[in-house]
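[1] Fold the following, please.
(one chain, ligands or ions: 1)
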Amino acid sequence: MNLHNLQSTDPVCLTKLNAAMASHQLTYRNVTYHFCSAHCHERFSDNPVFFSAPRRIDEQHPIPKHHRLRIASVPQAIREEAGIRLNEVRGVSRVFIGDGYADIDYDLRLVSLNQVEAAMKDAGLPPKGWLHGLRRSLWSFVEHNELENLASQPSPCCSRPPIRVR
Ligand SMILES: [Zn+2]
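    Model prediction:
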């Protein structure tokens, strides 16, 4: 076996990669997973139960999310620049940055609210308000539970009683 041609699939974005060349990997429940990027590595670490589920319920179906996040007021030039950068984040499908808020659509399979927020801070958009911060923690908690519940749903093909063959 030629180890240098070992094919692997990034469990988050489903990109095919060469396991020997992958720069990001982790072992969860004795299985080693390889990732295309630090972003996907982090996404997996947040919800290993979901991304390692034997049935990839999420393969065809995006899990669309929309949030309006309050931010401190920043100049128009910074808003435009931040909008461009956020559009490049994997899993983010639509961004609009207004005066004091950001409207963001994303696919929960590919990016979490925590990752979106970190990208916003990196792009120079400071979050605003401690009460709102509490609500965001709740959203993150709900996202986490939503994925764990999806992962634990029984597969439709297993909900029928097994057929006895005589
Ligand atoms: Zn990836």
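
[2] Please parse this protein into its domains.
    The chain breaks down by automatic domain parsing into domains covering 3-58, 64-130.

[3] can the last one be found next to the ion?
    Yep, that's domain 64-130 we're talking about. No. Domain 64-130 stays out of contact with the ion when judged by CB under 5 Å from the ion, the minimum separation being 7.1 Å. In short, each C-beta sits where N, CA and C put it, glycine included.

[4] residues touching H24, list them.
    With contacts defined as CB atoms under 8 Å, 6 or more residues apart in numbering, H24 is in contact with 34-38, 40-41.

[5] Would you list the phi and psi of it?
    phi -120, psi 130 (degrees, to the nearest 10).

[6] A102 too?
    phi -130, psi 130.

[7] roughly how far is the longest helix along the chain from the heart of the chain?
    Longest helix of the chain, by residue count under DSSP state H: helix 130-152. Per CA atoms, centre = their mean, to the nearest Å, the displacement of helix 130-152 from the mean C-alpha position of its chain is 13 Å.

[8] returning to that earlier point: considering only the contacts of H24, which also neighbour the ion?
    36, 40.

[9] In helices, which of the contacts of H24 appear?
    Per DSSP H, the subset of those in helices is 38, 40-41.

[10] re the thing from before, tell me the helices and strands packed up against the longest helix of the chain.
    Judged by 3 or more CB pairs under 8 Å, 6 or more residues apart in numbering; DSSP states H and E, helix 130-152 is in contact with helix 48-51, strand 64-70, helix 113-122.

[11] Stretch 43-53 vs the ion: in contact?
    No. Using CB under 5 Å from the ion, stretch 43-53 stays clear of the ion, with a minimum separation of 7.9 Å.

[12] tell me which residues of the longest helix of the chain are tucked away?
    136, 139, 143-144, 147, 150-151 (16 or more other CB atoms under 10 Å).

[13] now those residues in CSV, with pLDDT and distance to P48?
    Output for the buried residues of helix 130-152, formatted as CSV (pLDDT from 0 to 100; distance: CB to CB, whole Å):
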residue, pLDDT, distance to P48
R136, 82, 22
W139, 88, 20
E143, 92, 14
H144, 90, 11
L147, 89, 10
L150, 85, 13
A151, 84, 9
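
[14] Among the residues you listed, pick out the one closest to V92, please.
    E143 (14.6 Å; CB to CB).
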